[in-house]
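# got a sequence here, can you build the structure:
(2 chains)
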Amino acid sequence: MAALFVAFEGGEGAGKSSQLARAARWLRSFGREVIETREPGGTPLGAQLRRLLLDPDAQVVPRAEALLYAADRAQHVETVIRPALAAGEVVLTDRYVDSTLAYQGAGRGVDGTRIVTDWATGGLCPDLTVLLDLDPATGLRRAGARAAPDRLEAASLAFHEAVRAGFLALAAEAPDRYAVVDAAADPDAVATAVRAAIGARLG
Amino acid sequence: MSDQLGATRPRRENALLVLVRIKVVRRMWAAITFSSFGDWLGLLANTALAQHLTHHQSVSTQGAAISGVILVRLAPDVFFGPIAAALADKFDRRKTAIIGDITAGLLYASIALAYYLVWLYIAQFVIEAAGLFTQPAKQVIQVAIVPKALLATANQVSLFSVYGTVPIASGVFALLSAANRLIDSSNANGGADQVDVAVIIALLLNTVSFLVSAATVFFSRRDIPVVPAEHEREQGVFSLLYEGVAFVRSQPLIRRLYVGIIGAFAAGGLTVGVAQLWVATLPAGTAGYSIMFGTVFSGLAVGMLVGPRVLPAYPRSRVFGIAIGSAGVALLVMSFVRDFILAAGFAGLVGLFAGIAWIIGYTLIGQEVEDRLRGRIFSFVLSSVRIMLLLTIAAGPVVAGALGAHRIRINGDTSLSLSGPGLTLFVGGLLALLVSYYAASRATRSRARIRDIVRRHVMRTGLPTLDGHRGLFISVEGVDPAATSGYTALVAAVVSERGLATTVTGEPTDSAVGRRVAELLRAGRSSDAAPEAAALLSAADRAEHVATTIRPALDRGEVVICSGYVLTSLAVHGGADGADVPRIRSINAWSTGDLLPDLSLVAAASDPPGERPDDVLRAALLDAADEDLDRCVVCPEAVPKALPPELIDRLRRLIEARASSLAAARAHRAPGTISRAGR
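Numbers count the residues shown, from 1 in each chain, chains lettered A, B, ... in the order given. Now for the predicted structure:
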């Protein structure tokens, strides 16, 4: 069976993790091998980096932040994603390149984040990116109800507006590789839309 | 799997669409557009009013009255600009924008009610003074609400609103004037002493537009952050001009571009300035002036749009010169034309060519000036353009009055008559041709040439490069910790002996990231982390290190001695672990913002590599150093006792070359002690 690489992207509280889990259950229900993974933190090295990156007390300059994400991603691509795809599995990742481009690039205004992300992935691009689009005010309220905010979640509303704009700009650039889903809708409706988008690429 | 991610950059249309989706950004645009519209309408109405109030008097008095309006608009910026910029930072921007716009709106209404020249000047002055606060306030708000990556697009759009409202404002004013004339002519009492209703309506419309702008900010106040994002501090006009002139003088190509742009605007300004008087010599009236004003600016806008695509086969710098020359020719022809429609057509052409020259010149300056200076040079150019435009608009009528009307006799019967305003246009055309000649004479120099000139200049004077810092950056590269720390201490001793302020530091750093990076890399060495991931980790640590420790120290004029830098990474991750060396170089160039050491000490025994694992690293280090030979000195001792004479010599020469900019160690420090960096 053909491998499939799907990235779930979106702002805080958009429901990436739960939608990813639902999509995975659905794929397994008809016998597909599915790897659920995430960035940062999809590998043992990544798990340590994740602690460092999301620690509100450890502030780093934007370029360093982008490079740390890239290191996590390089490890992730090399040790998790590529092997799984080579084995013909479906890889669902919670965040990928677009998060760096949107958060560090559009949000923090770091130039040249593409250089870093390109290198980290060796040019590996998802077959489909599910962008769960949500108004940041709503998203942050949802995320806030969940737990104490980490560093990214604590940034200003203006920052999250910029991030959202960054995601949408990426989707507008390559519409056929993106499924932009309104994440404000009912979770079941979102799941249906996600299934439709993935289903269309299963072939 | 598609491997196509990358080379394409976000397109402008997308950036625009994305910006439009943000509600508060949309509203701020509306506010800027409304107040710009009011601003231009105000300029038209006030100059028309000044002329109307003095229309009993001589042409030169009328000219002086019109110039007065424009000078009063210019004065606050020149005299109070710096103070206002400093003060504007102290207030809540939202309140500043709202109160400023309301003040401007009410003052415009008062001009209409008073209908008196002196009050016109006073009110216009206060309006401009208020603008000094509201405009930076709106800019800061814009910076705070627009995603940084989209700021360039946002600026373009707001520039477009500022200048794009010109044709609308002049259209509205032309309509009002035309309607007024119709009423006037049907009205039997319609005499010269009658109040100009068009001007009054325009001024009241103005009031409305400013109040709408204020209201827009008021209703969006909750979406605007109180504490703005960091922004570049506004510089006073004078210090900006001083710095800009110094830079422009030192760069031949930039100088020509600058003179060309300013010249093009001077010609455009003369046209606009005498338009009112000149149109009065043609049968068209107030509406005619407004149409003339509108065509020039419409031409300007079209020129800016098509400029980049005009004559694609020619070098831009050539097109730049040609455009200015064409503007001059159009102006010369226009000065002889006695037909209003034809004149308006040529006025549009003048604007068109000036617009083409402006956008090309502006783009070329953007390409020629490096990132760090670009913002300041652009604001210098913009300020100069503003001042030149206002000065020539103001000077035009005065010059016209002074020149007076002349008749040129050709062959006895035939003669050409030139009014004072016509002659002024003629002078403007000649000026543009001259400028075009100057700009075209050398505008074709290549970029490399400028770099060479800079480089030669730097080598002669020993000053750091333009992008550079005041300090001296020495890296000690190596894979054997004992050797690198030994050499680092030796270099530090030499430097501090000379009483120079020194920062000794090293990678991986002692920061939160650095400690974690060191831990991760040590724990696994090459087993745990993929080579690319490991290289990215040290690049992350380096980005943090450069930004928080190395750059600041160099900017203070200190000597920075850093053990372990890019070469070490190349050796460890590239040579030994097998990550791609050119890519490590490019990632590190990005992470350090292209900061390279002035001198690198490479601690590696030079004997041929053997079978031991250390030898692979050492060979990789020497390979890396080979590509940077002019920067590197290889030091072969495993247990360093002294620095090689070559290194001491290089170090001495570097220190002497930078002697004027290097900082001395602080007095209270005993000689030989060194400040420890790396928190």
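
# so what's the nearest residue to residue B:296 once chain neighbours are set aside up against?
In this structure, residue B:296 finds its nearest non-sequential neighbour in residue B:351, 4.1 Å apart by C-beta to C-beta, 6 or more residues apart in numbering or on different chains. Glycine gets a C-beta too; all of them are placed from N, C-alpha and C. By C-beta atoms under 8 Å, 6 or more residues apart in numbering or on different chains, the contact list for residue B:351 reads B:268, B:271, B:295-303.

# including pLDDT and neighbour count, could those go into TSV?
Shown next, in TSV, are the contacts of residue B:351 (pLDDT from 0 to 100; neighbours: other C-beta atoms under 10 Å in any protein chain shown):
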residue	pLDDT	neighbour count
B:268	73	31
B:271	73	32
B:295	82	23
B:296	79	28
B:297	77	24
B:298	79	20
B:299	83	26
B:300	79	26
B:301	75	18
B:302	81	15
B:303	81	26
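
# helix or strand: which one has the residue nearest to residue B:296?
helix B:340-368 (DSSP states H and E).

# what does residue A:180 give?
Assessed by DSSP H and E, residue A:180 sits inside strand A:178-182.

# counting contacts, what elements does the helix or strand that that strand is followed by pack onto?
Using DSSP H and E, the helix or strand that follows strand A:178-182 towards the C-terminus is helix A:187-202. Judged by 3 or more C-beta pairs under 8 Å, 6 or more residues apart in numbering or on different chains; DSSP states H and E, helix A:187-202 is in contact with strand A:4-10, helix A:16-29, strand A:128-133, strand A:178-182.

# most tightly packed of these?
The highest mean neighbour count among these, using mean count of other C-beta atoms under 10 Å in any protein chain shown, belongs to strand A:4-10: a mean of 25.

# how about the nearest residue to residue B:438, chain neighbours excluded?
Closest to residue B:438 by C-beta to C-beta, 6+ apart is residue B:259, at 5.8 Å.

# please enumerate the strands of the stretch 201-350 of chain B.
Taking DSSP state E, counting those that start in this stretch as the test, none of the stretch 201-350 of chain B falls into strands.

# one more: the stretch 551-679 of chain B?
Using DSSP E, counting those that start in this stretch, the strands found in the stretch 551-679 of chain B span residues B:559-563, B:599-603, B:632-635, B:675-676.

# worst mean pLDDT among the ones you listed?
Here these differ in mean pLDDT, and the lowest is strand B:675-676 at a mean of 42.

# among the contacts of residue B:351, find me the one that's closest to chain A.
residue B:301 (26.6 Å; C-beta to the nearest C-beta).

# hmm, back to that, from the contacts of residue B:351, which single one is nearest residue B:19?
Using C-beta to C-beta, the shortest approach to residue B:19 within the contacts of residue B:351 belongs to residue B:301, at 20.2 Å.

# tell me which residue lies nearest the centroid of chain A.
residue A:95 (1.4 Å; C-alpha atoms, centre = their mean).

# so who does the spatially closest residue to that one that is not a sequence neighbour touch?
Once flanking residues are discounted, residue A:95 sits nearest to residue A:39: 4.5 Å by C-beta to C-beta, 6+ apart. By C-beta under 8 Å, 6+ apart, residue A:39 lies in contact with A:46, A:69, A:72-73, A:76, A:93-96, A:99.

# buried subset of those as a PyMOL selection?
This is how PyMOL selects the buried members of the contacts of residue A:39, with burial counted by 16 or more other C-beta atoms under 10 Å in any protein chain shown:
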select buried, chain A and resi 46+69+72+73+76+93+94+95+96+99
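
# narrow the contacts of residue A:39 to those in strands?
Among those, the ones falling in strands (DSSP state E) are A:93-94.

# pLDDT for the contacts of residue A:39 - can I get that in TSV?
Below are these laid out as TSV (pLDDT from 0 to 100):
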residue	pLDDT
A:46	83
A:69	87
A:72	90
A:73	91
A:76	92
A:93	95
A:94	94
A:95	93
A:96	93
A:99	90
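
# using TSV, lay out the contacts of residue A:39 together with distance to residue A:118.
Listed next are these as TSV, based on distance: C-beta to C-beta, whole Å:
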residue	distance to residue A:118
A:46	19
A:69	13
A:72	15
A:73	11
A:76	15
A:93	17
A:94	21
A:95	17
A:96	13
A:99	15
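
# out of the contacts of residue A:39, which sit inside helices?
A:46, A:69, A:72-73, A:76, A:99 (DSSP state H).

# and stretch B:469-482, how far from the chain's centre?
35 Å (C-alpha atoms, centre = their mean, to the nearest Å).

# stretch B:126-134 now?
22 Å.

# what residues of it count as buried?
For stretch B:126-134, a neighbour-count test (16+ other C-beta under 10 Å) marks B:126-134 as buried.

# returning to that earlier point: next, see if the strand holding residue A:180 gets close to chain B.
No - using C-beta under 8 Å from any C-beta of the partner chain, strand A:178-182 stays clear of chain B, with a minimum separation of 12.3 Å.

# quickly find the element holding residue B:529.
Under DSSP H and E, no helix or strand contains residue B:529.

# what is the mean pLDDT for the strand ranked longest in chain B?
Ranked by residue count under DSSP E, the longest strand found in chain B is strand B:472-478. The average of the pLDDT scores along strand B:472-478 is 91.

# show me the contact partners of that strand.
B:484, B:487-488, B:491, B:495, B:550, B:554, B:558-568, B:571, B:595-604, B:621, B:625, B:632, B:651, B:654-655, B:658, B:662.

# cutoff 7 Å now
B:484, B:487-488, B:491, B:550, B:554, B:559-565, B:567-568, B:597-604, B:621, B:654-655, B:658, B:662 (C-beta atoms under 7 Å, 6 or more residues apart in numbering or on different chains).

# could you check the angle that strand makes with strand B:599-603?
Interaxial angle, strand B:472-478 versus strand B:599-603 (axes from the mean of the first three to the mean of the last three C-alpha atoms, to 10 degrees): 20 degrees.

# could you check the angle strand B:559-563 makes with strand B:472-478?
10 degrees.

# what helices or strands is the helix or strand that strand B:472-478 is followed by leaning on?
Following strand B:472-478 in sequence order, the next helix or strand is helix B:481-497 (DSSP H and E). Judged by 3 or more C-beta pairs under 7 Å, 6 or more residues apart in numbering or on different chains; DSSP states H and E, helix B:481-497 is in contact with strand B:472-478, strand B:502-506, strand B:559-563, strand B:599-603.

# quick one, which of the ones you listed is nearest to residue B:639?
Comparing the helices and strands packed on helix B:481-497 by C-beta to C-beta, strand B:599-603 comes nearest, at 10.7 Å.
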